[in-house]
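Participant: model this:
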Amino acid sequence: MRIPATGRQGQLMARVHPTAIVDPRARLAPDVEVGPYVMIGPNVEIGAGTTIGAHTVIQGRTTIGRGNRIYPHCSLGGPPQDKKYGGEDTQLVIGDGNTIREFCTMNTGTVQDRGVTRVGNDNWIMAYVHIAHDCVVGDHTILANSAQLGGHVRVGDWAILGGLTGVHQFVTIGAHAMTAAGTILLQDLPPFVMGAGNPAQARGLNVEGLRRRGFSAAAIAALRRAYRILYREGLSAEQAVQRLLQDADAQPEHAEHLRRLAEFVRDSQRGIVR
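Facilitator: So this is what the prediction gives:
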C-alpha cells in the first residue's frame with residue numbers, strides 16, 4: 001500500500017472542510033474527503049477514495065489505505081490503553097475498503113508485541129467497536145455494535161462477532177468463526193465454530209456462514225464430522241488433533257480445512273472454547 005507524499009499541496013487538493021484541522025505534514029491522497037471538525041495529526045497517511053466523517057480524530061503513526069468509509073466521531077491511532085506504554089513510536093495500520101462506523105476506537109501497538117495494531121481489508125466494523133493495542137484483524141470480518149477486543153487479540157478472515165461480544169486479551173478467533181450477541185470469549189474460538197454465552201461455549205458449526213461463502217455440501221459435511229471429533233467424542237485436545245490430522249490425510253479434497261482446524265487447536269496458547 002503506497003501513498004504519495006502530497007504534503008500541504010495534497011491537502012489543498014483533497015476536499016477538506018474548512019472547520020477541519022489537518023496538520024500540514026499529514027499525507028492525504030488528492031481525493032480524500034475530510035468532514036467538519038475532523039483532526040488529523042502529522043504522522044497520518046490516508047489513501048485514495050477514503051472519506052472521514054465529522055468530529056473524527058486520527059493521530060499517532062497511522063496509515064489508512066484506499067476506499068475506506070470512516071463515519072463520524074471515531075478515534076483512530078490514539079495511544080494504547082496500557083500502563084507500560086511510554087510514548088514509543090508504534091503504529092496503527094488499516095487496509096483498504098473498510099467500513100468503520102460511528103464512535104469506533106482503534107489504538108496503536110506496543111513495543112511488548114510487534115508494535116503494530118493491524119486491520120485488514122473489506123471489514124465491516126459497526127458503531128462503538130474497540131480494537132485495542134496490538135490486535136490483528138483479518139479480511140472480510142464483521143464486528144457488530146460494541147464488540148470489544150482486548151490487547152493482542154487475533155481475528156481470522158470472515159469471522160463474525162455479534163454485538164456486545166467481549167474478547168479477553170491474547171485470545172485468537174479462527175477464520176469463519178462466529179459469536180452470538182453478548183458472548184464473552186476467555187479462550188480461543190476455533191475456525192468454523194459458533195460460540196455463545198458467558199463464558200463462551202461451543203454451540204455448533206457456522207454452517208450458514210460457510211454456505212454463504214461457497215463451501216460445498218461435502219466440505220461442510222467433513223467439517224461437521226470434525227466438529228463431532230473435537231466436541232462430542234470426549235477426546236482430549238491432543239487426541240482430537242491427531243484424529244483430525246488422520247482425517248485430513250484420508251480426505252485430501254478437504255485437507256486444507258481439516259488441517260486449519262487441527263493446527264489451530266494444536267497451537268492454541270489459552271486453550272479452546274469447549
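
Participant: export stretch 80-95 to PDB, keeping only CA atoms.
Facilitator: The C-alpha coordinates for stretch 80-95 follow below in PDB (Å, rounded to 0.1, in the frame of the first residue of the first chain):
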ATOM      1  CA  PRO A  80      -2.600   2.200  23.700                       C
ATOM      2  CA  GLN A  81      -4.500   1.800  27.000                       C
ATOM      3  CA  ASP A  82      -1.600   0.000  28.500                       C
ATOM      4  CA  LYS A  83       0.200   1.300  31.600                       C
ATOM      5  CA  LYS A  84       3.500   0.000  30.300                       C
ATOM      6  CA  TYR A  85       3.300   2.400  27.300                       C
ATOM      7  CA  GLY A  86       6.000   5.000  27.500                       C
ATOM      8  CA  GLY A  87       5.400   7.000  24.300                       C
ATOM      9  CA  GLU A  88       7.200   4.600  22.000                       C
ATOM     10  CA  ASP A  89       6.800   5.000  18.200                       C
ATOM     11  CA  THR A  90       4.200   2.400  17.500                       C
ATOM     12  CA  GLN A  91       1.600   2.200  14.700                       C
ATOM     13  CA  LEU A  92      -2.000   1.600  13.500                       C
ATOM     14  CA  VAL A  93      -2.300   0.200  10.000                       C
ATOM     15  CA  ILE A  94      -5.700   0.000   8.400                       C
ATOM     16  CA  GLY A  95      -6.100  -1.600   4.900                       C
END
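
Participant: for it, which positions count as buried?
Facilitator: Buried residues in stretch 80-95, defined by neighbour count with 16 or more other CB atoms under 10 Å: P80, D82, Y85, T90, Q91, L92, V93, I94, G95. Yep, even glycine has a C-beta here, placed from its N, CA and C like the rest.

Participant: for stretch 29-47, same thing?
Facilitator: Neighbour-count burial for stretch 29-47, counted by 16+ other CB under 10 Å, picks out 29, 32-35, 37-41, 43-47.

Participant: quick check: the residue minimising distance to the centre of the chain vs G49, distance?
Facilitator: Nearest residue to the geometric centre of the chain (CA atoms, centre = their mean): V137, 2.3 Å. Applying CB to CB, to the nearest Å, the value for V137 to G49 is 20 Å.

Participant: partners of the helix or strand where A202 lies in the sheet?
Facilitator: A202 is part of strand 201-205, with elements assigned from DSSP states H and E. Taking DSSP bridges as the criterion, strand 201-205 sits next to strand 193-196 (antiparallel) in its sheet.

Participant: can you name the next helix or strand after the strand holding A202?
Facilitator: With elements assigned by DSSP H and E, the helix or strand that comes after strand 201-205 is helix 207-212.

Participant: dump that following helix to CSV, keeping only the CA atoms.
Facilitator: Taking C-alpha atoms only, helix 207-212 is exported to CSV below (Å, rounded to 0.1, in the frame of the first residue of the first chain):
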residue,chain,number,x,y,z
VAL,A,207,-23.0,-23.8,8.7
GLU,A,208,-25.0,-20.9,7.3
GLY,A,209,-21.9,-18.7,7.1
LEU,A,210,-19.9,-21.4,5.3
ARG,A,211,-22.8,-21.9,2.7
ARG,A,212,-22.8,-18.1,2.0
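
Participant: what distance separates the helix or strand just after that helix from the middle of the whole chain?
Facilitator: Sequence-wise, the next helix or strand downstream of helix 207-212 (DSSP H and E) is helix 217-231. Chain-centre distance of helix 217-231: 26 Å, with CA atoms, centre = their mean, to the nearest Å.
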